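Novice: Pasted the sequence and its predicted model underneath.
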2 protein chains.
Amino acid sequence: MNETIDILKNHRSIRKFKDEKLDQETIRELVESAQSASTSSYVQAYTIIGVTDDEKKRALKEISTQSYVENNGHLFVFLADYNRHYELSKDKGTPISYDKTEQLIVGTVDATLAAQNLAVAAESMGLGMCYIGSLRNDMGKVVEILGLPKGVIPLFGMVVGKPDHEGSRKERLPFDVVYHENTYKSVDKVKDDIEEYDERISEYYKERSGGRRNDTWSDQVIGMLSKKQRLDVDAVIKGQGFLGQ
Amino acid sequence: MNETIDILKNHRSIRKFKDEKLDQETIRELVESAQSASTSSYVQAYTIIGVTDDEKKRALKEISTQSYVENNGHLFVFLADYNRHYELSKDKGTPISYDKTEQLIVGTVDATLAAQNLAVAAESMGLGMCYIGSLRNDMGKVVEILGLPKGVIPLFGMVVGKPDHEGSRKERLPFDVVYHENTYKSVDKVKDDIEEYDERISEYYKERSGGRRNDTWSDQVIGMLSKKQRLDVDAVIKGQGFLGQ
């Protein structure tokens, strides 16, 4: 295992940071690492907003409900972005469109490739990080707070900073459940693996909570997915000019 | 700059590989690195299929049109996947749904975070890689070839292997174009930056092609985005049970 793989495999989300802001040089190094990721046909269909304004951070924290959205070394928000291409194309007289599902996928993939490079770069510097998917609790409000024009949608945030706790690595699904060969392997072929995994996760939660929590992975994610969450995401995305068909 | 950031910043797509297959240990190390990435609320809504069957590789190459989909050290295909959760939830008597835009975003983000970790792990081992977005040229056919059930969509592939050419780093958009502070910065504020970038990219293409190609970044991506591409992606995704509303 080399040093980089060691960093990747040791990832843990950090949710409490020392009261120390990232400096400009560090921010630039992180963003340039992000930009070096692959991009679909060179389109670079994303933008990163760094949020330092206290009022905006507080407003974003209200949406997310997580205190670390306010208290961190730096808060990044990742946007799928075709506004840039659209404005440039208007100047050239051949306006492009981005209202098909394909463009939503490309923008989401491009922004996420960049984000994960930023995450890895941060961890390689000894910084901690955590994704903030909960900005999608009110995507329309995030559009407002950051002043996002048509063609731009906020996908998620990321907090980065000096860790103020250790965090803990959460075991992932077994290799054989997630990795298939040549043909999709139906879940009944890996049920035993998932059951054993569920038992280990249940043990992990029990241990960490002093016995108060003992749900399994299946319980947890099925519980989460059975709630009707974030039903307004579709309308906001369409309002920004995506998914027009 | 540390070793990991050096790897991130030196990324280049590799499209020609030595005739040498990845061994099982390497594949496992890559997939475990992928799995260590963050995942939205622990949902792990993705699956990775390794394609080694010659006939399937040929069929996928037909879709992509790129020879390196057939000739590589290993071909991975990344899927957004809720089939696993759905099947498990049926057993528990509370079937979940994944037909809202939120779940398409979560599945796409989860698969992409994993994929980018795999890319970084591969490059840290001295391997080369390239994403294969062109599998979406015929997403329905990929569903068929890999036998994907409802709840699963193929997003993109990735080829990995021992590089048989150097590749070249393609300059990204200027930092100030991609990174904004607190509020979205409209494109008219960075037009000069983009123009200068366009000139540099035009020079790069001219040099690499011996003068035969001299389009700019703007020309290239606007040309690409103005074509009505992959209009069937929406229908395939809906056919797999996503975007139901």
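Specialist: Received it, and whenever you're ready, just let me know what you need.
Novice: what's the domain layout of chain A?
Specialist: As given by automatic domain parsing, the domain ranges for chain A are A:3-168+A:228-239, A:175-214.
Novice: Columns mean neighbour count, mean pLDDT and distance to B:K162 on top of those, output as CSV?
Specialist: The way it works is simple: take the backbone N, C-alpha and C, and place the C-beta from them, glycine included. Output for those, formatted as CSV (neighbours: other CB atoms under 10 Å in any protein chain shown; pLDDT from 0 to 100; distance: least, CB to CB, whole Å):
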stretch, mean neighbour count, mean pLDDT, distance to B:K162
domain A:3-168+A:228-239, 20, 97, 17
domain A:175-214, 15, 96, 21
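Novice: Can you lay out these as JSON lines showing distance to chain B?
Specialist: Shown next, in JSON lines, are those (distance: least, CB to the nearest CB, whole Å):
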{"stretch": "domain A:3-168+A:228-239", "distance to chain B": "4"}
{"stretch": "domain A:175-214", "distance to chain B": "4"}
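Novice: Tell me what A:F17 is bridged to.
Specialist: Beta-bridge partners for A:F17, by DSSP bridges, are A:P163.
Novice: right, and it touches A:D164 too?
Specialist: Yes. Using CB atoms under 8 Å, A:F17 is in contact with A:D164, at 5.5 Å.
Novice: distance between the ends of stretch A:76-95?
Specialist: Using CA to CA, to the nearest Å, the end-to-end distance of stretch A:76-95 comes out at 30 Å.
Novice: Farthest from the middle of chain A: give me that residue.
Specialist: A:G93 (35.3 Å; CA atoms, centre = their mean).
Novice: wait, doesn't A:Q103 sit right on A:F242?
Specialist: Yes. Using CB under 8 Å, A:Q103 is in contact with A:F242, at 6.9 Å.
Novice: in chain A, which strand has the most residues?
Specialist: strand A:152-161 (DSSP state E).
Novice: all helices for chain A, in order.
Specialist: Using DSSP state H, the helices of chain A run over A:3-9, A:24-35, A:54-64, A:83-91, A:101-124, A:139-146, A:175-178, A:191-208, A:217-226, A:233-239.
Novice: residue contacts, A:S13?
Specialist: By CB atoms under 8 Å, 6 or more residues apart in numbering or on different chains, the contact list for A:S13 reads A:128-131, A:167, B:38.
Novice: export the residues you listed to a markdown table and tack on distance to B:K150?
Specialist: Shown next, in a markdown table, are the contacts of A:S13 (distance: CB to CB, whole Å):
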| residue | distance to B:K150 |
| --- | --- |
| A:G128 | 38 |
| A:M129 | 34 |
| A:C130 | 32 |
| A:Y131 | 27 |
| A:G167 | 36 |
| B:S38 | 26 |
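Novice: farthest-separated two in these?
Specialist: Within the contacts of A:S13, A:Y131 and A:G167 form the most distant pair, 13.3 Å apart (CB to CB).
Novice: How about A:L88, nearest residue that isn't a chain neighbour?
Specialist: Closest residue to A:L88 apart from its sequence neighbours, by CB to CB, 6 or more residues apart in numbering or on different chains: B:S218 at 5.1 Å.
Novice: so what's the one you found up against?
Specialist: Contact analysis of B:S218 by CB under 8 Å, 6+ apart lists A:88, A:92, B:194, B:198.
Novice: Could you check the pLDDT of the closest residue to the second one other than its chain neighbours?
Specialist: This means A:K92. Leaving out its chain neighbours, the residue that sits closest to A:K92 by CB to CB, 6+ apart is B:I222, at 6.2 Å. Turning to B:I222, the model gives it a pLDDT of 95.
Novice: Touching, B:I222 and A:H85? I think so.
Specialist: Yes. Taking contacts as CB under 8 Å, B:I222 lies within contact range of A:H85: 6.3 Å.
Novice: list the residues that contact both of those two?
Specialist: With contacts taken as CB under 8 Å, 6+ apart, B:I222 and A:H85 have A:I96 as neighbours in common.
Novice: Understood, closing this out.
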